[in-house]
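> Got a predicted structure plus its sequence, pasted below:
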Amino acid sequence: MTERGDLQLTEAAWNQSRATTMRSTLRTGLFGLVAIPLISAPAVALAQLAVGGWARVPVACAFIAVVLAPLMLVLVHQRRRKLGRTDELMQRLASELHQATDAARTELARSGAQVRRQEFEARLGGALEMAEGEPEVVEVIERALALTVPASPVELLLADNSHAHITRLAYSSPTGEPPRCTVDSPDRCPAARRAQTQRYRDSDDLDACPKLRGRGAGPCSAVCVPVSIMGRTVGVIHATGEVDAAIPEDRVAELGTLANLAGARIGLLRMMAETQLQAATDSLTGLLNRRALESEMRKVRESGATYAVAMGDLDHFKELNDVYGHDTGDRALRLFAQTLRGALRHQDVVCRFGGEEFVVILPHCDADQAMQALEGVRTRLGAAIATAGAPRFTASFGVVGAAADDEFPDLLAKADAALFRAKREGRDRAVLHGEWDTADLAGSGGSGTRAGDRVLTDRPDERADESAVPQGVG
């Protein structure tokens, strides 16, 4: 590239050459004014002496020519040398000007590409920042892929949270078909393994990625840009094209920008989701915790659907801990949580409320249906305990159907009252809440029944099995 200082030196040499030429021209003119008269007079005198008549003029001219010819040859030679130096300077100046022009155009193109890349990065960053969840991020990525390489099939392959498996998260293609890379793990992708962009001119080349061969569309070229999340390479942007049809460098740079920003946004969303899940989940059982239950309850109430609330409790849990140890107690809690989750519907909300207490919200379900569902839980619990080889234990439930104007604390209090009756009536059963029969209460000394309560148990006349665990309050 021609520097400004080089152009200044060339310009100085050109100015010096012009000044020399002007001085030479002036000296030549002055020489002609002086030399011609000085030579002409002797030439005329010699011609008069040599010949007479009209022949004296040609002879005088011949004398002048003979004298001036050597001088003119010397002047012409000097002139040609100076013109040669001037032409050389002109050619050098023209060459340097061409180089400067080409360099300026290259720099302008590079600056323009950088400006476009910065604009693309800013717009993409804004779009990803506005995306509130991973589905919206995927939509932004697909639009960005279509804008970056509209003529090429391109896809984003990303690992799941285990980092063991890789799946297609987004793609764009002029034919509607993704490139369909067969890699199934980040560890088996050369670009992800090396954490460097890989370009392949022909999939049949000796050093081409093996995953490019054997595709139905035939040989192709490819570019693979690694995607990192929090410093770990977990995926790749994979684009294909015709053999020897390379994607322009500026487009590859934009794919790199997309890989960086998309990886950062997805990583942030996954980290936030994991943090929220940990904050809303009981660490022992994996069920929702008490704080998350209140949020789910608001959603159920706002939906306007019929629902029921149940409170469950492991019978004689304190004695279970005392006899078999706290590890067995924790195991019992986990087994009961798994049974609840497996026996109920996916839309039912299951929460560990505290200790050995659990709360279940059953949307689109009345009280009778809730009783039947919890009876299924009790039935499956016995089979689960036998399969797991755990000490035998049972559970009791209190159930209440919700009215439109019921507040959640009131529903919990009613479910808890029904659960208390299930305990008093022998445990290992589900009791549906009803109104207290005050006369019945007075007749039983406050220890008996509620007229509106209904009990479901597979042993209606039998108390809890005293051989399971020591009896007590629990």
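In hand now; what should we look at?
> Can you tell me the closest non-neighbouring residue to D202?
V243 (4.9 Å; C-beta to C-beta, 6 or more residues apart in numbering). Yep, even glycine has a C-beta here, placed from its N, CA and C like the rest.
> what does the model give that neighbour for pLDDT?
At V243, the model reports a pLDDT of 93.
> those strands in this protein, which residues are they?
154-159, 166-172, 198-200, 221-229, 232-241, 307-314, 349-354, 357-363, 395-401, 430-432, 454-456 (DSSP state E).
> Relative to L75, tell me which of these wins on proximity.
Ranking the strands of the chain by proximity to L75 (C-beta to C-beta) places strand 198-200 first, at 65.1 Å.
> mind checking how far that closest one is from the chain centre?
Relative to its chain's centre, strand 198-200 lies at 21 Å (C-alpha atoms, centre = their mean, to the nearest Å).
> got the buried residues for it?
198, 200 (16 or more other C-beta atoms under 10 Å).
> And it, what does it pack against?
With contacts taken as 3 or more C-beta pairs under 8 Å, 6 or more residues apart in numbering; DSSP states H and E, strand 198-200 sits against strand 221-229.
> Now do the strand it packs on against strand 166-172, angle only.
120 degrees (axes from the mean of the first three to the mean of the last three C-alpha atoms, to 10 degrees).
> Paired strands for strand 221-229, with orientation please.
strand 198-200 (antiparallel), strand 232-241 (antiparallel) (DSSP bridges).
> Check the offset of it from the chain's centre.
12 Å.
> mind listing the helices for the stretch 151-300 of the chain?
Under the criterion DSSP state H, counting those that start in this stretch, helices of the stretch 151-300 of the chain are mapped to 190-194, 249-280, 290-303.
> Out of those helices, flag the one nearest R79.
From the helices of the stretch 151-300 of the chain, taking C-beta to C-beta, the stretch that ends up closest is helix 249-280, at 52.7 Å.
> List the buried residues for the closest one?
For helix 249-280, by 16+ other C-beta under 10 Å, it's 250-267, 269, 280.
> ok now do L340, which residues does it touch?
Going by C-beta atoms under 8 Å, 6 or more residues apart in numbering, L340 touches 287, 312, 350, 358, 360, 377.
> how about a cut-off of 7 Å?
In this structure, L340 makes contact with 350, 358, 360, 377, judged by C-beta atoms under 7 Å, 6 or more residues apart in numbering.
> coming back round to it: residues contacting the residue nearest to D202?
202, 219-221.
> Pick out whichever of those sits closest to E142.
C220 (21.0 Å).
> Just give the nearest non-adjacent residue to the closest one, would you?
T240 (4.5 Å).
> what's the neighbour count on that neighbour?
By other C-beta atoms under 10 Å, 26 other residues sit near T240.
> Can you tell me which of the contacts of L340 has the most neighbours?
Result: V360 is most packed of these (other C-beta under 10 Å), 26 neighbours.
> distance of that residue from L412?
For V360, the distance to L412 equals 11 Å [C-beta to C-beta, to the nearest Å].
> if we can go back for a sec, could you export the strands paired with strand 221-229 as a markdown table, including distance to E139?
Shown next, in a markdown table, are those (distance: least, C-beta to C-beta, whole Å):
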| stretch | distance to E139 |
| --- | --- |
| strand 198-200 | 27 |
| strand 232-241 | 16 |
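> Nearest approach to A60 belongs to which of those?
strand 198-200 (85.5 Å).
> what's next to the closest one, contact-wise?
190-191, 208-209, 212, 221-224.
> And stretch 382-401, end to end?
Using C-alpha to C-alpha, to the nearest Å, the end-to-end distance of stretch 382-401 comes to 26 Å.
> Touching, the residue nearest to C220 and P219? I think so.
No: assessed by C-beta atoms under 7 Å, T240 is found out of contact with P219, at 10.1 Å.
> list the buried ones in stretch 227-235?
227-229, 233-235.
> got these as JSON lines, with distance to S95 and pLDDT columns?
Below are the buried residues of stretch 227-235 laid out as JSON lines (distance: C-beta to C-beta, whole Å; pLDDT from 0 to 100):
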{"residue": "V227", "distance to S95": "47", "pLDDT": "94"}
{"residue": "S228", "distance to S95": "47", "pLDDT": "91"}
{"residue": "I229", "distance to S95": "52", "pLDDT": "86"}
{"residue": "T233", "distance to S95": "48", "pLDDT": "90"}
{"residue": "V234", "distance to S95": "52", "pLDDT": "90"}
{"residue": "G235", "distance to S95": "50", "pLDDT": "93"}
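> Identify the residue spatially nearest to E274, adjacent ones excluded.
Closest to E274 by C-beta to C-beta, 6+ apart is N161, at 7.7 Å.
> How much space separates that neighbour from A273?
Counting by C-beta to C-beta - N161 and A273 are separated by 9 Å.
> ok, the closest residue to D348 other than its chain neighbours - how many residues close by?
Computed as C-beta to C-beta, 6+ apart, the closest residue to D348 that is not its neighbour in sequence is L362, at 5.1 Å. Other residues near L362 come to 26 when the count uses other C-beta under 10 Å.
> ok, now how distant is L362 from I247?
For L362, the distance to I247 - C-beta to C-beta - is 55 Å.
> Over to D327?
Where I247 is concerned, D327 sits at a distance of 59 Å (C-beta to C-beta).
> Comparing those two, which residue is more hemmed in?
I247 (21 against 9).
> ok, now which ones touch the more buried one?
Counting by C-beta under 7 Å, 6+ apart, I247 has contacts 149, 152, 223, 239, 241.
> And stretch 280-293, end to end?
8 Å.
> mind listing what's buried in that stretch?
280-282, 285, 287-289, 292-293.
> Also stretch 125-136?
In stretch 125-136, counting by 16+ other C-beta under 10 Å, buried: 127-128, 131.
> go on, stretch 351-363?
351-353, 356-363.
> Now the two most distant members of those residues.
E356 and P363 (24.6 Å).
> what's the least confident helix or strand in this protein, going by average pLDDT?
The helix or strand of the chain with the poorest confidence is helix 438-443; it has a mean of 36 (mean pLDDT, DSSP states H and E).
> Okay, helices next: where are they in the stretch 301-450 of the chain?
317-324, 326-343, 367-388, 408-424, 438-443.
> Give me the residues contacting the longest one.
Among residues not part of helix 367-388, those counted as contacts by C-beta under 7 Å, 6+ apart are 308, 310, 335-336, 339-340, 343-344, 362, 392-393, 395, 397, 399-401, 428, 430, 432, 456.
> check contacts around the closest residue to G286 other than its chain neighbours.
Closest residue in space to G286, ignoring its immediate chain neighbours: A337 at 6.7 Å, by C-beta to C-beta, 6+ apart. Going by C-beta under 7 Å, 6+ apart, A337 touches 285-287, 352.
> So which of these is the closest to R331?
Nearest member of the contacts of A337 to R331, counting by C-beta to C-beta, is T285, at 10.8 Å.
> so that closest one touches L335, yeah?
No: the criterion here is C-beta under 7 Å, and T285 misses it with L335 at 9.4 Å.
> on that earlier part again, is there a quick PyMOL command that grabs whichever of the contacts of strand 198-200 are buried?
Buried members of these, defined by 16+ other C-beta under 10 Å, are picked up in PyMOL with:
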select buried, resi 190+191+208+209+212+221+222+223+224
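> In a markdown table: the contacts of strand 198-200, plus pLDDT and distance to L156.
Putting the contacts of strand 198-200 into a markdown table (pLDDT from 0 to 100; distance: C-beta to C-beta, whole Å) gives the following:
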| residue | pLDDT | distance to L156 |
| --- | --- | --- |
| P190 | 92 | 17 |
| A191 | 93 | 12 |
| A208 | 93 | 21 |
| C209 | 93 | 17 |
| L212 | 92 | 17 |
| S221 | 95 | 19 |
| A222 | 95 | 14 |
| V223 | 96 | 13 |
| C224 | 96 | 11 |
